[in-house]
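A.B. asks: Got a predicted model here, sequence first, then my questions.
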Amino acid sequence: MITKRIIPCLDVKNGRVVKGTNFMGLNDVNDPVSLAEYYSSAGADELVFYDITASSEGRKLFCDVLEQVASKIFIPLTVGGGINSVDDFARVLGCGADKVSVNSGALANPRIINEAARLYGSQCVVLSVDAKRVDGKFKVFAKGGRVDTGLDMLEWVKQGVDSGAGEIVLNSIDTDGVKQGFDLEMLEAVTNIVSVPVIASGGAGKIEDFITLFNANPKVDAGLAASIFHFGEVKINDLKRELVKNGINARI
Amino acid sequence: MSTIAIIDYGVGNLFSLASSLKAVGAKAIVTGDPDEIKKSDKLILPGVGAFEDAAKKLKTTGLDEIIKEEAASGKPLMGICLGMQLLFERSYEFGVFEGLGLIEGSIVPIADHAPAELKIPHIGWNKLELKKQDCPIFKYLSGGEFVYFVHSFFGTDCEADTAATTEYGCVLTAAVAKKNVYGCQFHPEKSGEVGLKILKAFSEI
């Protein structure tokens, strides 16, 4: 049977990996290629790279980094950040990405999901959603979680899947950076309405948070985290061994 | 050193495949040129996307006949993902389409076989059960290894040539082998160390 995936996420700026808490306050952590190699050998099932540069030089540098990673690391690579058109899909796929994650770009132009799915297949199109509770409802936030779009998160996710998104990354702004566990309530709402894989993001602080996640909601396919892996608070090989010990199917 | 031609017919991303072959010390070229393909010692037929579109591209480029001739001459050929499905006689992916016919059997939707609650596509790492232990591409495997799958259709009616299976609410064909023709439904170039072992073994045939 298919295994639950553990996915470290690397935010890349000017060729270096950075990670913010609640998306703010960045501090340089490590070299993307060596970090990717480390994660791959530790048992990461997939890697996500977010390009958080805005400049064109930064974009070029990001593609160089991606190419270096893809020529050395042979596990699936997902790329996000700055994906605003089908041309952006082509750009990162050409540097070795396997899947492309769209977020604000799809909010600005929802047709991009369908266009990319038709060109590259749904398996290639990941819809990443930053959501937060506003007056008791889950709302979609854009621009790295700074702007309330007013959109209902569940409606947006459903629309995305109907348009051809093959996977959903659900990042809860409410739990992100807090390290008290994933947002089980928000995840449940999403896994109840879609049939594509759902990746949980935001809130992991310790190994038990992943065990709780997969036990509480077997429909969640993967857990994504950044800082706890970067700073060594959770080692991926320890995490996967604990998952298996707890009866959760994982690749060791 | 023998040369592996990765057949380029405008379908899919060949960057990782070429890099992974390089990583195991194989000499690989990416080419759609018939002469280059004929000159090489081994062939890999990659592919992602829709069967109909890929089969059409093979036909319009004339590469379908070249692949069949080269396979008939005994040259080792490995299909990967959609490339494996193209080796079959036919596919029922949104219609009925003819494949290369190098492996007997049909490509059918997973959804027709797996329980309804399972997600389609079958995406992620799943376990290999080897049916042909002595298959040359599994030289460095012992069975039970995890490999990376991304697909919504799979090969059936190919029992005699099934080299490995995986379980996803039903038994799915994970690899096929018939004489010098091999196929992997999963992506060896995305399956970490295990995938590299399979590519290395293929390069050493």
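C.D. replies: That came in fine, so what should we check first?
A.B. asks: Run a quick neighbour tally on residue 110.
C.D. replies: All of this refers to chain A. When neighbours are counted by other CB atoms under 10 Å in any protein chain shown, A:Pro110 registers 15. Yep, even glycine has a C-beta here, placed from its N, CA and C like the rest.
A.B. asks: that's the wrong chain, I wanted chain B
C.D. replies: For B:Ile110, using other CB under 10 Å, the count is 19.
A.B. asks: Can you check my assumption that B:Lys38 lies in a strand?
C.D. replies: No - applying DSSP: H, G, I helix; E, B strand; the rest coil, one finds B:Lys38 to be helix, outside a strand.
A.B. asks: With adjacent residues omitted, what lies nearest to A:Phe141?
C.D. replies: Once flanking residues are discounted, A:Phe141 sits nearest to A:Asp130: 4.6 Å by CB to CB, 6 or more residues apart in numbering or on different chains.
A.B. asks: Can you name the residues that contact that neighbour?
C.D. replies: A:Asn103, A:Val140, A:Phe141, A:Ala142, A:Gly144, A:Gly145, A:Asn171, A:Ile173 (CB atoms under 8 Å, 6 or more residues apart in numbering or on different chains).
A.B. asks: Just the pLDDT for it.
C.D. replies: A:Asp130 carries a pLDDT score of 96 in this model.
A.B. asks: where does the residue located most distally from the centre of chain B fall, phi/psi-wise?
C.D. replies: Centroid-distance maximum for chain B: B:Glu117 at 27.1 Å, with CA atoms, centre = their mean. Backbone torsions of B:Glu117, given as degrees, to the nearest 10, read phi -80, psi -10.
A.B. asks: Helices along chain B, start to end?
C.D. replies: Secondary structure of chain B, counting by DSSP state H: helices at B:15-23, B:34-39, B:51-61, B:63-72, B:82-85, B:192-203.
A.B. asks: In the stretch 101-250 of chain A, which residue sits nearest chain B?
C.D. replies: A:Gln123 (4.8 Å; CB to the nearest CB).
A.B. asks: Is that residue in contact with B:Val150, as I believe?
C.D. replies: Yes - using CB atoms under 8 Å, A:Gln123 is in contact with B:Val150, at 4.8 Å.
A.B. asks: Give me the common contacts of these two.
C.D. replies: Contacts common to A:Gln123 and B:Val150, judged by CB under 8 Å, 6+ apart, are B:Val48, B:Pro121, B:Ile123.
A.B. asks: Chain A next: which of these are close?
C.D. replies: Restricting the shared contacts of A:Gln123 and B:Val150 to those touching chain A (CB under 8 Å from any CB of the partner chain) yields B:Val48, B:Pro121, B:Ile123.
A.B. asks: any idea which of those residues has the most stuff around it?
C.D. replies: B:Ile123 leads these on contacts (other CB under 10 Å) with 25 neighbours.
A.B. asks: Now for it: which residues touch it?
C.D. replies: Contacts of B:Ile123 by CB under 8 Å, 6+ apart are A:Ile2, A:Gln123, A:Gly166, A:Glu167, A:Pro197, A:Asp221, B:Phe149, B:Val150.
A.B. asks: now swap in B:Gly105 and tell me
C.D. replies: B:Phe88, B:Glu89, B:Gly155, B:Thr156, B:Asp157, B:Cys158, B:Asp161.
A.B. asks: What distance do you get for it to A:Gly160?
C.D. replies: Between B:Gly105 and A:Gly160 the computed distance is 35 Å (CB to CB, to the nearest Å).
A.B. asks: Could you do B:Glu98 as well?
C.D. replies: B:Glu98 is 35 Å from A:Gly160, by CB to CB.
A.B. asks: Looking at those two now, which is surrounded by more residues?
C.D. replies: A:Gly160 (26 against 15).
A.B. asks: Surely the more buried one and A:Val126 touch.
C.D. replies: No - counting by CB under 8 Å, no contact exists between A:Gly160 and A:Val126, whose distance comes to 9.7 Å.
A.B. asks: what touches both of those two?
C.D. replies: A:Ile168.
A.B. asks: B:Glu52: which of the contacts of B:Ile123 is nearest?
C.D. replies: A:Gln123 (16.8 Å; CB to CB).
A.B. asks: Surely the closest one forms part of a helix?
C.D. replies: Yes - counting by three-state DSSP, one finds A:Gln123 located in a helix.
A.B. asks: can you pull the pLDDT of it?
C.D. replies: Taking A:Gln123 on its own, its pLDDT is 88.
A.B. asks: Check the gap between it and A:Ala226 for me.
C.D. replies: 24 Å.
A.B. asks: do A:Ala200 as well
C.D. replies: Relative to A:Ala226, A:Ala200 is positioned 13 Å away (CB to CB).
A.B. asks: And the two? Which one has more around it.
C.D. replies: A:Ala200 (31 against 25).
A.B. asks: Which helix or strand contains that one?
C.D. replies: strand A:198-201 (DSSP states H and E).
A.B. asks: now that strand, how far from the chain's geometric center?
C.D. replies: Relative to its chain's centre, strand A:198-201 lies at 7 Å (CA atoms, centre = their mean, to the nearest Å).
A.B. asks: hmm, who's touching it?
C.D. replies: In contact with strand A:198-201 (CB under 8 Å, 6+ apart) are residues A:5, A:7, A:9, A:126, A:167-172, A:176, A:182-183, A:187, A:190-191, A:213, A:219-225.
A.B. asks: so which of the residues you listed are also by chain B?
C.D. replies: Answer for the contacts of strand A:198-201 near chain B (CB under 8 Å from any CB): A:Arg5, A:Glu167, A:Asp221, A:Ala222.
A.B. asks: Show the pLDDT at the closest residue to the third one other than its chain neighbours.
C.D. replies: By that I understand A:Asp221. Distance criterion CB to CB, 6+ apart; nearest residue to A:Asp221, sequence neighbours excluded, is A:Pro197 at 4.0 Å. Per-residue pLDDT puts A:Pro197 at 94.
A.B. asks: Go ahead and confirm A:Pro197 touches A:Ala222.
C.D. replies: Yes - counting by CB under 8 Å, A:Ala222 is a contact partner of A:Pro197 at 6.9 Å.
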